[in-house]
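**Q** With the sequence up front, the predicted model follows.
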Amino acid sequence: MTFPSHDHDSAPEASKPLLEASQKAFGRLPGLHKVLAESPQAYEGYQLLHKLFTQTDFDAEEMTVVWQAINVEHACHYCVPAHTGIAKMMKVSDEITQALRAETPLPTAKLEALRRFTVQMVRERGNVSQRQMQAFFDAGYGHRAVLDVILGLAQKTMSNYVNHVAQTPVDEVFKPLAWQRSETPLTV
């Protein structure tokens, strides 16, 4: 079943200001946003979660690690290429991006701990062990970072699931960054 993909003319009235904001921010309408426009509340919720996550204490590299760890774990055909492009715009190193996409070790122990904890949160549905939590704290993160990972997880779960059910086509600008999951997923 094909999901609606809206533009300014076809979108529900309450989604039109959200689409206008996306157009202004990106210079185009991302495919995910076109799909989310079907539900103004889902669209607004996604945008609010995104805004709040970008206001956490995580720097560009850490935000990218959280986003991509979730995207890769969920095998999101749309979000992995999109966040590859976004990481480049955020000046995150290609070394970090490639390690996230290939599920190979990140260049620093702290970033690797963030990725592993994020993946554990996804796989365990938040039921991480005390040992896993302590390893995250030992890497230099605190309670706030745990909550901020959960915030990023809420945002990315929403977009990943929408892209799965809607089979959102990858935006033309991100097609050269297409991705497929490696045959050996990350061991955490």
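**A** Looks like it arrived, so ask away.

**Q** When you work out contacts or count neighbours from here on, use the C-alpha atoms and nothing else.
**A** OK.

**Q** Quick check: which element contains the most centrally placed residue in the chain?
**A** The residue lying closest to the centre of the chain (CA atoms, centre = their mean) is W67, at 3.5 Å. Assigned by DSSP states H and E, W67 belongs to helix 60-73.

**Q** Next one: the residue nearest to the centre of the chain relative to S15, how far apart?
**A** Going from W67 to S15 by CA to CA, to the nearest Å gives 25 Å.

**Q** tally of neighbours for the closest residue to P105 other than its chain neighbours?
**A** Spatially, and ignoring its direct neighbours in sequence, P105 is nearest to A99 (6.0 Å; CA to CA, 6 or more residues apart in numbering). Residues lying near A99 (other CA atoms under 10 Å) number 15.

**Q** And for V35?
**A** Residues near V35, counting by other CA under 10 Å, number 22.

**Q** correct me, but it touches H6?
**A** Yes - counting by CA atoms under 8 Å, V35 touches H6, with 6.4 Å between them.

**Q** quick one on the thing from earlier: from the contact counts, what lies against the helix or strand harbouring the residue nearest to P105?
**A** Assigned by DSSP H and E, A99 falls within helix 94-102. In terms of contacts (3 or more CA pairs under 8 Å, 6 or more residues apart in numbering; DSSP states H and E), helix 94-102 is packed against helix 60-73, helix 79-89.

**Q** Let me have these in TSV, extended by mean pLDDT and distance to L153.
**A** Shown next, in TSV, are the helices and strands packed on helix 94-102 (pLDDT from 0 to 100; distance: least, CA to CA, whole Å):
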stretch	mean pLDDT	distance to L153
helix 60-73	98	7
helix 79-89	97	13
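
**Q** most packed of these?
**A** Per residue and on average, the most neighbours among the helices and strands packed on helix 94-102 fall to helix 60-73, with a mean of 23 (mean count of other CA atoms under 10 Å).

**Q** Dump the worst-scoring helix or strand of the chain on mean pLDDT to CSV, keeping only the CA atoms.
**A** When the helices and strands of the chain are scored by mean pLDDT, DSSP states H and E, helix 16-26 comes last with a mean of 95. Output in CSV follows, covering the C-alpha atoms of helix 16-26 (Å, rounded to 0.1, in the frame of the first residue of the first chain):
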residue,chain,number,x,y,z
LYS,A,16,1.3,23.4,5.5
PRO,A,17,3.2,25.6,7.9
LEU,A,18,5.4,22.6,8.8
LEU,A,19,6.1,21.9,5.2
GLU,A,20,7.0,25.6,4.7
ALA,A,21,9.4,25.4,7.6
SER,A,22,11.0,22.3,6.1
GLN,A,23,11.3,23.9,2.7
LYS,A,24,12.9,27.0,4.2
ALA,A,25,15.3,24.9,6.4
PHE,A,26,16.4,22.4,3.7
